[in-house]
Structure formats: structure tokens, C-alpha cells
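1. Show me how the following folds:
(chains A, B, C and D)
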Number of protein chains: 2
Amino acid sequence: MKLTLDALTVLDAIDRKGSFASAAQALFRVPSTVTYTVQKLEEDLGFAIFKRAGRRSVLTPAGQVLLDQGRQLLVAAQEVVNSAHQVNSGWEAELNIAIDTVWDIQRFYPILAEFQKLNSGVQVSISEEVMGGTLEAIIEQRADITIGGPPPVSAIQGIQFESILNSQWLFVVAKAHPLMTLLLPLTEQDIEPYVSIVIRDSATQSPIRAHRSLGARPMLRVANMEQKIQAQLQGLGVGFLPKHKIQPLLDSGELVELEIEKDAPVTQQYCAWRSTNTGRAAQWFVDKILD
Amino acid sequence: MKLTLDALTVLDAIDRKGSFASAAQALFRVPSTVTYTVQKLEEDLGFAIFKRAGRRSVLTPAGQVLLDQGRQLLVAAQEVVNSAHQVNSGWEAELNIAIDTVWDIQRFYPILAEFQKLNSGVQVSISEEVMGGTLEAIIEQRADITIGGPPPVSAIQGIQFESILNSQWLFVVAKAHPLMTLLLPLTEQDIEPYVSIVIRDSATQSPIRAHRSLGARPMLRVANMEQKIQAQLQGLGVGFLPKHKIQPLLDSGELVELEIEKDAPVTQQYCAWRSTNTGRAAQWFVDKILD
DNA sequence: CTATTAGTTCGAAAATACTGAACAATTAAC
DNA sequence: GTTAATTGTTCAGTATTTTCGAACTAATAG
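-> Numbers count the residues shown, from 1 in each chain, chains lettered A, B, ... in the order given. Here you go, the predicted structure:
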């Protein structure tokens, strides 16, 4: 394969300017150089790119394909260089952040806004994951940073973890729920008859962990934390919810915390990042997240 | 932008072979040449690609990005050359055929099988379109050849049309349909009370043409001919269907043709292709289709 | 028929890429 | 710890490729 990007640039110029001569002018070269470049490329590739029709040359079908796809190649090449420059500047070309659904994404927006003021040129993408999802995302390199999610079962090569927040989970029900008539603290037997709202695990490969399902009771599976809150709010079922996400609903009385016999569970939330990642954006975000 | 594909090839070799020296060997060059190429690229791009760590060099983050994306660029470049070669051989790189839903795609498979025996290397894609869809597909360059579909409203620059088949449309109903008790031929008043099955137009931009809708009667819109046949077969409604597509159902008596007062409509089916397309595959298919 | 423009050819000059020998730095072997 | 082997670099010289400019051919416009 003897294709060169320079030759493609010449082809592009010829087509856009309409002639070898004007292409030469545009590229600050002499006409004979353009002829030479085209002839050399034709010889290297083994087929004619232009059909000489009098004093004006026209592209052959193969030449047209070469030009069309070659232009895309030129654009791609420029993007490669741009990405490398961006990384060289210390800022990553892109940064993927996976946020666990127990986190309120809105609380993250101010940090994002602050970051954008830095004019780093980093393309930041945010995805919402459930339970094992954040772990899976960073292991499979889909994410550079995770916010929230469970701790690693064992140390993972090249990934650092840090506890970020003690998320307290409360057992709550909607304000008119029948469970409110019972004597506190509730026993497992009290709760058993009622539908439990659980979040479907977004980790497709990890062993499924239905979070806090409390035995084999009737369950309603929902996609994320938002839906779980809504479901419990509308009395579709009961379950544990992270305190910091439902504080307003507790204050207004729409949701009520009920004491239960077993200890209210505490889950450690973890932030994770790739320790091999030396990008400034990743470090900036990790610093911010750890407060 | 001073990036060259040759330099990327060198980077790739260095990474795969693990050292400048073995890369040089693999590329039939001398070590100093490899050093020269790398240094020149670094100078041209304006950043370090390798960090000299003793006698063994390691990629900088920017160098890693350059290599990763550069490899994709190399693959893409090879594909560009391959495509151009393919077109130069006389066969197109790819050929898109749009078939109108009134046609039975299965009738087209033998022709496809015959074509594949030619070992042309052409990537053939087939899409199913409805009503105006084939026309739109060829005008918007999504298709190279269309089979079936309406005639052009006016001559279209660079596209040739040829009538291919007189598709006869029959008014048919399911075998137990109430309309069968009436006296033939049916009048418009006879038909009016019953739901008419119409195919939703897949042409998004053309003015909507609800095919043979016979005034403002209750309608059930379906996505394609297959669904329309099924709908009429299950007695959900009545309407015109192309004779050649329902012959077996007529023979078995599951669908019944009913004579109607107005002439049974005849629609010309057209085959279209781009007259500028000089590819052998397009010509081969057009010849076959026109019998 | 002449002037103009487009593209090519060709020898010379310039720029670029490659080579091989010498050297420095590091790792492996003993 | 010393020696040997391996790696990468430098540098001067050489080979190759690219570019240039002038001369030339062919087609088109006036």
C-alpha cells in the first residue's frame, strides 16, 4: 500500500479547484509537481485515477472512489492529530464518567459547570449506571471515573478506589400505606406481604445481585433510582431508599421512614478511577469529588 | 498537518515488536532510520511520542493516542485502496438495491445466488421500501437500483426508468367476509362501510399518497405488503392486492376476488437505475431484471 | 489563425530519507 | 563487579525522492 496523505491532499485540491493548474497554485507548487504526484500515485496503486480527455482530465470511477473515501481519511487523520495534541496538552481528549443511580446527577452539575469554565477542550460524557454497573463500566474501560457504586470485591489492577459518602438507607413507605398502622419496629413478617421495589441490575455480566430483596417476597423491578422513588411514592411497594435522595419527600411527609427490627443498612459508596490515567481532567474531577 | 501513513506504520511496528531495533528489522530498515522517522514525526507534530527511559523507550500518553487512532487510520487507508481497486476492476465496491414491497423478495433470491457465483467481490445490500420509497431511495443515492415502485412524475436527471411488470391489483376479501353475500359487481356504496387496509408510505419527504384509499372510509394503516395481506386474510379489512403476490391464497380459497364496478386498477411497476453508474454489477442486475 | 490555457516531459537542483560506523546507556550474564 | 550484549542515538556521507523551471504538445476560444 503506497497511498500517502499528501497525494490525497493533491487529489482533493484538483477536484475542488477544477484543474491541475489551479490545484498547483492553491498548494503553492508548480504544475509539473502535481502531474508527478498524480502519476506516481497511479503507478503505486496500479490503476488510472484520471482519464486524460484533451487538456482537461476527469476522474475515473476508481479515482472518484479514491477521492471520496480519501477525503474522509484526511478528515480522520486531522482528528487523530487533534486528539494527540489534546492529550499532549495534559487534558484528555475525552472523559467518561459513570454515576451510580443512588447519586443525584443534578448535584454533579455545578462541578461540571465549573469544569467547563476551564476551557480544557475535554469531551465529557456522563452515563448513569445501576448497582454493579459502575464497577463494570470502569473495568471494561467504558468509564474513566465512577461516582458511587459498590466497593471492589478484591483489588483490581490499575484501578483506585476511595470511599466518598456514607449513604444511609431508610425503609420508607408512602404516607397512606397500611404498614403505618402497625406497631414499630416492624418485623420481617410484617413486611413480607407487601410488594418490594427493587432496582434491576444494569451490570449484564456480573452475578446478579438483587439489592436488599429480603427473601423471596413479591417484587417489582424498576430500571433506576428515580423510578424506584416514584414507585414507592405512589404506594406501589416498599423498600429501602438512600436518605440523601429523599430528604425533601420525608420533610413534606409524602414518604415516611419506618423503624425496622433489623439494623438499617449502611452502604459504602465508592469513587473509582484508573490510576494509570495521568490526564488533568480525571485528576481534577477526582479531587473535586473527594472534596 | 504533517502526519504520514508511513510514520504511523513505523510507530505500529515499534509497539508490536517492542523495540526500535526489532521494528527496524521487521520493516527492512536500519535502526537509525527508525529513530530518524520518529524524531521527524515528533518535530512535525510538536510533541514527544516516546519518552526515552534508558535504552527502552515508552509511549507518552499523546503517543499512545496517536498510535491507537493511527492504527485505525491505517486500516481505513487500506480499505480505501481496496475499494478503489475493486471499482477499478469494473465491479462496484458495493451495490444497494431497493425493492418495493409489492414485489416478493424471495423471487429475487435466485438472481442473487447466480450473482454470487460470479465472485465479483461486490457487497450487495437489499432494502425493502414502500410506495414512494424506492423513488426516494434512488434519488437520495441510498440505492443504486430499484425494483418496483411508481413511475417518475417527471424525468429525473441521471436516472433511467424501465417498465418491468404489469402488476394487476385485485379487490379481495377473506373467505368469510360479509361482502361475499352481496350481488356482484360491488359498488362504492357496498364497500364503504368496511375498513380499508392501506400501506403507510415509507417516503418521508414526498407528498403523502395513501394508495387506493377510495375516499374517506375507515382505514387501518400497516407498514408493508406482507402485513396488508395478513390483515386482509384475517378479515380485519378489505382492499386491493397485487395478483402475483396472493395467487396461492386465491387458489386455496382463503382470499376471494370480488368484481367491482370500477375497473380493477393496473399499476405500472418500474425498475430504475443511475445512468451514470458504469459498474458491471449494476448493469448485470438491470439486464437480469429486465429479462 | 493566433492567443490562451492545461497538462506533460525532462534535466537539474533541492529536499528528504536512508545508511553504516562510532558512541553512550542500560541490562543481562558470569 | 566486570564483561558482554542489546538498545537507541548521533553524524557525515550517500541515495532517493520531490520539486522546479523551461520547453513542448494539445485543445479551445476569439
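2. how about the helix or strand encompassing A:Val87: buried residues?
-> Take DSSP states H and E as the rule and A:Val87 turns out to sit in helix A:61-88. In terms of neighbour count (16 or more other Cβ atoms under 10 Å in any protein chain shown), helix A:61-88 has its buried residues at A:61-63, A:65-67, A:69-71, A:73-74, A:77, A:80-81, A:83-88. (Glycine included, C-beta is placed from N, CA and C.)
3. Can you list the residue ranges for strands in chain A?
-> For chain A, the strands defined by DSSP state E cover A:50-53, A:56-59, A:94-100, A:123-129, A:145-147, A:159-174, A:196-199, A:219-222, A:239-242, A:255-257, A:266-274.
4. quick one: which of the ones you listed is nearest B:Gln116?
-> Among the strands of chain A, the nearest to B:Gln116 by Cβ to Cβ is strand A:56-59 (29.5 Å).
5. For that closest one, the averaged confidence score.
-> Averaged across strand A:56-59, the pLDDT comes to 87.
6. just stretch A:90-107 next, same as before
-> What stretch A:90-107 shows for mean pLDDT is 86.
7. do it and chain B meet at all?
-> Yes. Using Cβ under 8 Å from any Cβ of the partner chain, stretch A:90-107 comes into contact with chain B via A:Ala93.
8. What residues does chain A have near DNA strand D?
-> Contact residues (Cβ under 7 Å from any atom of the strand) of chain A with DNA strand D: A:4, A:6, A:28-33, A:36-37, A:40, A:54-56.
9. Just the buried ones from those residues?
-> So, by 16+ other Cβ under 10 Å, the buried ones in those are A:Thr4, A:Asp6, A:Thr37.
10. still on that earlier bit, and the helix holding A:Val87, what other elements does it pack with?
-> Counting by 3 or more Cβ pairs under 8 Å, 6 or more residues apart in numbering or on different chains; DSSP states H and E, the packing neighbours recorded for helix A:61-88 are helix A:5-17, helix B:31-45, helix B:61-88.
11. Same list as before, those that is, but in CSV and with distance to DNA strand C included.
-> Converted to CSV, those look like this (distance: least, Cβ to the nearest atom of the strand, whole Å):
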stretch, distance to DNA strand C
helix A:5-17, 7
helix B:31-45, 3
helix B:61-88, 16
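12. Please name the residues that touch the closest residue to A:Gln64 other than its chain neighbours.
-> Closest residue in space to A:Gln64, ignoring its immediate chain neighbours: B:Val87 at 7.8 Å, by Cβ to Cβ, 6 or more residues apart in numbering or on different chains. Counting by Cβ atoms under 8 Å, 6 or more residues apart in numbering or on different chains, B:Val87 touches A:Pro61, A:Ala62, A:Gln64, A:Val65, B:Ala93, B:Gly279.
13. export those residues to a markdown table and tack on distance to A:Ser163?
-> Compiled in a markdown table, the contacts of B:Val87 are given as follows (distance: Cβ to Cβ, whole Å):
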| residue | distance to A:Ser163 |
| --- | --- |
| A:Pro61 | 63 |
| A:Ala62 | 61 |
| A:Gln64 | 60 |
| A:Val65 | 57 |
| B:Ala93 | 55 |
| B:Gly279 | 63 |
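14. Please name the bridge partners of A:Phe240.
-> On the basis of DSSP bridges, A:Phe240 is bridged to A:Phe171.
15. how near is it to A:Ala176?
-> Distance from A:Phe240 to A:Ala176, counting by Cβ to Cβ, to the nearest Å: 20 Å.
16. can I have stretch A:110-124 written out in PDB, keeping just the CAs?
-> The C-alpha coordinates for stretch A:110-124 follow below in PDB (Å, rounded to 0.1, in the frame of the first residue of the first chain):
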ATOM      1  CA  PRO A 110     -22.200  22.500  39.500                       C
ATOM      2  CA  ILE A 111     -18.900  20.700  39.300                       C
ATOM      3  CA  LEU A 112     -19.400  20.100  35.600                       C
ATOM      4  CA  ALA A 113     -20.200  23.800  35.100                       C
ATOM      5  CA  GLU A 114     -17.000  24.700  37.000                       C
ATOM      6  CA  PHE A 115     -15.000  22.400  34.800                       C
ATOM      7  CA  GLN A 116     -16.400  23.800  31.600                       C
ATOM      8  CA  LYS A 117     -15.100  27.200  32.700                       C
ATOM      9  CA  LEU A 118     -11.600  25.800  32.400                       C
ATOM     10  CA  ASN A 119     -11.900  25.600  28.600                       C
ATOM     11  CA  SER A 120     -10.000  22.300  28.600                       C
ATOM     12  CA  GLY A 121     -11.300  21.000  25.300                       C
ATOM     13  CA  VAL A 122     -12.200  17.700  27.000                       C
ATOM     14  CA  GLN A 123     -15.300  16.000  25.800                       C
ATOM     15  CA  VAL A 124     -17.000  14.900  28.900                       C
END
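17. What are the structural domain limits within chain A?
-> Listed by automatic domain parsing, the domain ranges of chain A are A:5-88, A:94-164+A:269-289, A:166-265.
18. Stretch A:120-137 vs chain B: in contact?
-> No. For stretch A:120-137, no contact with chain B is found by Cβ under 8 Å from any Cβ; the gap never falls below 12.9 Å.
19. Counting neighbours, what do you get for A:Val102?
-> 24 (other Cβ atoms under 10 Å in any protein chain shown).
20. typo on my end, A:Ala53
-> Neighbour number of A:Ala53 under other Cβ under 10 Å is 8.
21. wait, A:Ser163 sits on A:Thr267?
-> No. Taking contacts as Cβ atoms under 8 Å, A:Ser163 lies outside contact range of A:Thr267: 10.6 Å.
22. Those two: who's more crowded?
-> Neighbour comparison, A:Ser163 and A:Thr267: the larger count goes to A:Thr267, with 19 against 11 (by other Cβ under 10 Å).
23. pLDDT score assigned to that one?
-> pLDDT at A:Thr267 comes out at 70.
24. For it, which residues count as its bridge partners?
-> A:Ser167.
25. which residues touch the closest residue to A:Ala84 other than its chain neighbours?
-> Spatial nearest neighbour of A:Ala84, excluding adjacent residues (Cβ to Cβ, 6+ apart): B:Leu66 at 4.2 Å. Residues near B:Leu66 by Cβ under 8 Å, 6+ apart: A:Val80, A:Val81, A:Ser83, A:Ala84, B:Leu8, B:Leu11, B:Leu45, B:Ile49.
26. just A:Ile97 next, same as before
-> Neighbouring residues of A:Ile97 by Cβ under 8 Å, 6+ apart: A:Val124, A:Ser125, A:Ile126, A:Ser127, A:Ala143, A:Asp144, A:Ile145, A:Thr146, A:Ile147, A:Phe285.
27. how about the domains of chain A, which one is nearest B:Glu257?
-> Nearest to B:Glu257 among these is domain A:5-88; the distance by Cβ to Cβ comes to 48.3 Å.
28. Tell me the predicted confidence for the residue in the stretch 151-291 of chain A that chain B sits nearest to.
-> Of all residues in the stretch 151-291 of chain A, A:Thr278 sits closest to chain B, at 6.0 Å by Cβ to the nearest Cβ. As predicted, A:Thr278 sits at a pLDDT of 75.
29. Cool, thanks, talk later.
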